[in-house]
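*Asks:* Pasting the sequence and the predicted coordinates here, then a few questions.
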Amino acid sequence: MASLTIQLSDKDLNLLKRISESDDRRINDFVQLMFSRGLDYYYCDEMVSIKKTEEEYTQEERDQQSLNAELMNKYSTHDERKEHGFKYVYCCISNHEKDDCSGGYKDMLIEPIVNRIKSYAIQ
């Protein structure tokens, strides 16, 4: 597991320790919770997306990419490709991705990070 450090004055660190104690938390757990909440709040109204690495593509997405490549070579129009199974594979991860099932949007970037960080502090 990796760690991240921030610069604080002695006074601010003392205050944060006292706040965490008043909340019956260890300082490290408190800071992790605050960091996760901060990410959540900061990106609640801001859209962010990052390019996927090769490891972040699912097997289903890789299979679709292979099929898409075949269809691109075989058919000349988008309608023909789509008719034979072409589906766009997103190359980015975002906190505002269209959910084809619900028609709404889902957060596939920030929310999972927040949940993982939070889980370290509360488990």
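*Replies:* Great, that's in hand. Numbering: from 1, shown residues only.
*Asks:* for the lowest-mean-pLDDT helix or strand in the chain, packing partners?
*Replies:* None of the helices or strands of the chain scores lower by mean pLDDT, DSSP states H and E than strand 97-98, at a mean of 90. On a contact count with 3 or more CB pairs under 8 Å, 6 or more residues apart in numbering; DSSP states H and E, strand 97-98 meets strand 105-106. Where you see a C-beta, it was placed from the backbone N, CA and C, and this is true even at glycine.
*Asks:* Would you give the sheet partners of the strand it packs on, along with the direction of each?
*Replies:* Paired strands of strand 105-106, with direction, are strand 97-98 (antiparallel) (DSSP bridges).
*Asks:* List the contacts of the residue positioned nearest the centre of the chain.
*Replies:* By CA atoms, centre = their mean, the chain has its centre lying nearest to residue 109, at 1.3 Å. Neighbour list for residue 109: 48-50, 93-95 [criterion: CB atoms under 8 Å, 6 or more residues apart in numbering].
*Asks:* Tell me where this protein has helices.
*Replies:* Per DSSP state H, the chain carries helices over the ranges 10-22, 27-42, 59-74, 78-83, 110-122.
*Asks:* tell me which residues of the third one are tucked away?
*Replies:* Just to be clear, that refers to helix 59-74. For helix 59-74, the neighbour count (16 or more other CB atoms under 10 Å) marks 64, 67-68, 71 as buried.
*Asks:* likewise the first one?
*Replies:* For helix 10-22, burial by neighbour count (16+ other CB under 10 Å) applies to residue 20.
*Asks:* Show me what the mean pLDDT comes to for that helix.
*Replies:* Helix 10-22 carries an average pLDDT of 97.
*Asks:* Kindly report the same for the fourth one.
*Replies:* Helix 78-83 shows a mean pLDDT of 96.
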